[in-house]
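>>> What would the 3D arrangement of this be:
(chains A and B)
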Amino acid sequence: MRPCACACTRWTCAPWARTASPRRSRAGGGAHGARQRCHGTPGTWTDCTRCARSASALRCSWCWCRASVRAASWRSWRATWARWSRASARIATLGCSRRSSRSGAPSSPIRARLTRCCARWPSGASSCCVRRASVRRRCCGRRRRRSASWSPPVAGARRGAESRAPPVYPVSPMSGNEQQQKKGGGNAPAAKTAITPTREENYAEWYQQVVRSADLAENSPVRGCMVIKPWGYALWENVQRVLDGMFKATGHKNAYFPLFIPLSFLEKEAAHVDGFAKECAVVTHHRLKAGPDGKLIPDGELDEPLIVRPTSETIIGATFAKWVQSYRDLPLLINQWANVVRWEMRTRLFLRTAEFLWQEGHTAHATEAEAVEETMKMLKVYADFAENWMAMPVFQGRKTDSERFPGAVDTFCIEAMMQDRKALQAGTSHFLGQNFAKASEIQFLDADGQQKFAWTTSWGVSTRLIGAMVMTHSDDDGLMVPPRLAPTHVVILPVTHKPETAQQVLDYCQKLAADLRAQHFAGRAIEVEVDARDMRGGDKMWQWVKKGVPVRIEVGPRDIEQGAVFMARRDRSAKDKVAVPRDEFVKGAAALLQEIQDGMFARAKAFREEHTKRIDTRAEFEAFFTPKRAGDENQPSEIHGGFALSHFCGDAVVEADVKNRLGVTVRCIPLDGADEPGTCVITGRPSARRVVWGKSY
RNA sequence: CGGGGUGUAGCUCAGCUUGGUAGAGCGCUUGCUUCGGGAGCAAGAGGCCGCAGGUUCGAAUCCUGUCACCCCGACCA
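The predicted model follows:
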């Protein structure tokens, strides 16, 4: 027995009673807002709910609270608690509701609630049911609380009331990475994958995990910006190297323009303003000073604010205006490698970040035809790069009015299909007409003595390509890098756990690496890394699997004796290893890499073909994009059909309507599509050719 | 901008409803065993519990304020 913890030494009410906290007033039957005197006698101990129940059953009568009312309340609370405990025990066996619902097990009332809740974001149980049951609990809280049958009596009265309520969802044996991965104990996982969840289970989360496991990038302290890690940046460097060569080969020169653009420049082109004004970072000050509390505050306001470039048409236009005097100065073919900032609300590594790296080409031409030709030429360069280097099949096409670049006359793009069958725009090429030339006054004196406005183009690809690569090729064991862009083609893993042979194995590996480096693939020496880190072999191997290195070689004493290497290809199962004679492997390495490259392209293309369908009726079109989940007609499935090749009348209103209802847009009007008269799949109006419809990133 | 949440060890999170010694798993360090494969055992290091006030003998826990972040919607490809 020990002293009561209540405010026994005081005569007045406790402050919290006066504040009429909703929780208190509700729990106590509404009586606690009122001031009451304490009627107890000091030193006597009777029921009081303010005491520490866990420590003692004693209740203090010295408190002002009405013991009888609160005791009754406590009893009902105990009953509720018991119900929750039972519910909790049942939930423990369910695991993630998504799995539960898919498994087709008979539904309980609890499961029904969970399922309904999570299905609130159809595509996004992704954001809902990630990783842990406890995370799910949070998101499900709102809906769960509304289902009256098991609401806590004090629901909503406190911060996080639902998450602290007794039915704590234990971590499901299915939902935790570790549980499933480690030593598959009693619950025998179906197939162990290096990445959890798998693509099928949760595509969005799978993507994040692949990027993380491959050590490509991570989130930074700055919201919406990413840190690109060495492995990810090496990929980007390869993209840069190859593309830069292609640009140079088509006559372009690199230059660099300022990060900051005067606000007035952006205002020059009306459509451009509409497109970018809402996502610009603005610089208004140029120095800092110490504030009164010692913290730094901005000082020295700029006369004219500067924006951080979301794209450089305006400032490059202003520069071109100075550079271009005569038709002899044209064409002007410039490219810049740079970073840009678009203040995005929601971001995903590589796919959409506030700051990203890219390349933007800007050209000025004397005639319209020449500028159009340039636009198409660069589109072809992008398509070539995507297909032959990234092994990513793309549709080349023209954008509809609603998807056109702000300020452009015509926008062309390459569109690729990701493994969730959504479209990703991987590169764009714009014919800008004379819009920006007029805005920036890029004029020249033509051969006929007339002062004319130039015709301009712009085109770009960004670090988004890395995201495209990830989502095109990776599997449930992590990233798979196309060999022609791989920072490392071959990784050699020496088996050195026996000290007596370790040095011999290492020497052998170094010699093997040197021989491989003498071979060439895709215009450079084969890149080899000997990973001699002091780690366990399994961990080490899986790291490289997750990084997507095309070929892994294991070399141990036994291989040395036999003059062989033990080889595994990333495009096959991680366990699928074969012994190959050493010299044969070295000689055939380049061919092997090309074979892997070709195989990846073929696989990606087959996937796209499989999920691209010619559709001619409206009913089929809508069904294609809203497949029903088996067993529940009301729940849209997560994965839709893919790309639909259908006729479209070209009406922007119709397109907007389809976007609102189905989330589907015209990805592009393919260039290589043959003219084929038909009727619009939505309106039935005549149409000249088929377009590519799809859901997009 | 509207709505809903969360801040606890490097990471993922328990603990809070009912105030009383700061917890787990993974990761990290060391040792032994194991190892042609994502190891086992043992020991160890690591925490202004977001910040500031308040209540209390005592606050990670209750109250008030504040900051940051996340999710949904809106916006955007």
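
>>> Spell out which residues of the stretch 251-400 of chain A are next to RNA strand B.
A:275, A:278, A:279, A:344, A:345, A:346, A:352 (C-beta under 7 Å from any atom of the strand). Backbone N, C-alpha and C define where each C-beta goes, glycine included.

>>> So which of the residues you listed is the closest to RNA strand B?
Checking these against RNA strand B by C-beta to the nearest atom of the strand gives residue A:345 as the nearest, at 3.8 Å.

>>> and the gap between the closest one and residue A:353?
From residue A:345 over to residue A:353 the distance is 12 Å, taken as C-beta to C-beta, to the nearest Å.

>>> Next: residue A:299.
For residue A:299, the distance to residue A:353 (C-beta to C-beta) stands at 30 Å.

>>> repeat for residue A:258
In this view, residue A:258 and residue A:353 are 21 Å apart by C-beta to C-beta.

>>> which ones are touching the most centrally placed residue in chain A?
With distances taken as C-alpha atoms, centre = their mean, the residue of chain A nearest its centroid is residue A:348 (3.4 Å). Residue A:348 is in contact with A:204, A:207, A:208, A:467, counting by C-beta atoms under 8 Å, 6 or more residues apart in numbering.

>>> Report the secondary structure state of the third one.
To tie it back to what came earlier, the one meant is residue A:208. helix (DSSP: H, G, I helix; E, B strand; the rest coil).

>>> list the contacts for it?
Residue A:208 touches A:348, A:349, counting by C-beta under 8 Å, 6+ apart.

>>> One more: the last one?
Under the criterion of C-beta under 8 Å, 6+ apart, the contact partners of residue A:467 comprise A:207, A:348, A:349, A:350, A:351, A:424.

>>> which among these end up buried?
A:207, A:348, A:349, A:350, A:351, A:424 (16 or more other C-beta atoms under 10 Å).

>>> The residues you listed: which two are farthest apart?
A:349 and A:424 (13.8 Å; C-beta to C-beta).

>>> hang on, the earlier thing: let's have the residues of the stretch 251-400 of chain A next to RNA strand B in JSON lines, adding distance to residue A:503 and pLDDT.
Output for these, formatted as JSON lines (distance: C-beta to C-beta, whole Å; pLDDT from 0 to 100):
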{"residue": "A:275", "distance to residue A:503": "62", "pLDDT": "86"}
{"residue": "A:278", "distance to residue A:503": "63", "pLDDT": "82"}
{"residue": "A:279", "distance to residue A:503": "58", "pLDDT": "86"}
{"residue": "A:344", "distance to residue A:503": "53", "pLDDT": "81"}
{"residue": "A:345", "distance to residue A:503": "56", "pLDDT": "76"}
{"residue": "A:346", "distance to residue A:503": "53", "pLDDT": "78"}
{"residue": "A:352", "distance to residue A:503": "49", "pLDDT": "89"}
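
>>> how about the closest residue to residue A:365 other than its chain neighbours, phi and psi?
Among residues not flanking residue A:365 along the chain, residue A:371 sits closest, at 4.2 Å (C-beta to C-beta, 6 or more residues apart in numbering). Main-chain torsions, residue A:371, degrees, to the nearest 10: phi -70, psi -40.

>>> One more: residue A:194?
The phi and psi values for residue A:194, taken as degrees, to the nearest 10, are phi -70, psi -30.

>>> In chain A, spot the strand with the most residues.
strand A:296-308 (DSSP state E).

>>> Which among the residues of the stretch 251-400 of chain A next to RNA strand B count as buried?
A:275, A:352.

>>> Narrow the residues of the stretch 251-400 of chain A next to RNA strand B to those in helices?
Taking DSSP state H, the ones among those that sit in helices are residue A:275.

>>> Can you name the two of the residues of the stretch 251-400 of chain A next to RNA strand B that sit furthest apart?
A:275 and A:346 (18.2 Å).

>>> I'd guess residue A:481 is in a helix, am I close?
No. Read with three-state DSSP, residue A:481 is coil and lies in no helix.

>>> That one against residue A:235, yeah?
Yes. Under the criterion of C-beta atoms under 8 Å, residue A:481 makes contact with residue A:235 at 7.0 Å.

>>> Overlap in contacts, these two.
Joint contacts of residue A:481 and residue A:235 (C-beta under 8 Å, 6+ apart) are A:469, A:487.

>>> follow-up on the earlier one: same for the longest strand of chain A, what does it pack against?
Judged by 3 or more C-beta pairs under 8 Å, 6 or more residues apart in numbering; DSSP states H and E, the packing partners of strand A:296-308 are strand A:260-262, helix A:263-266, strand A:282-290.

>>> Now do the second one, average pLDDT.
Here the mean pLDDT over helix A:263-266 is 90, rounded to a whole number.

>>> on that earlier part again, between residue A:299 and residue A:353, point out the one with more neighbours.
A direct count of neighbours by other C-beta atoms under 10 Å for residue A:299 and residue A:353 places residue A:353 higher, at 25 against 12.

>>> Quick one, grab the pLDDT at that one.
Predicted confidence (pLDDT) for residue A:353: 88.
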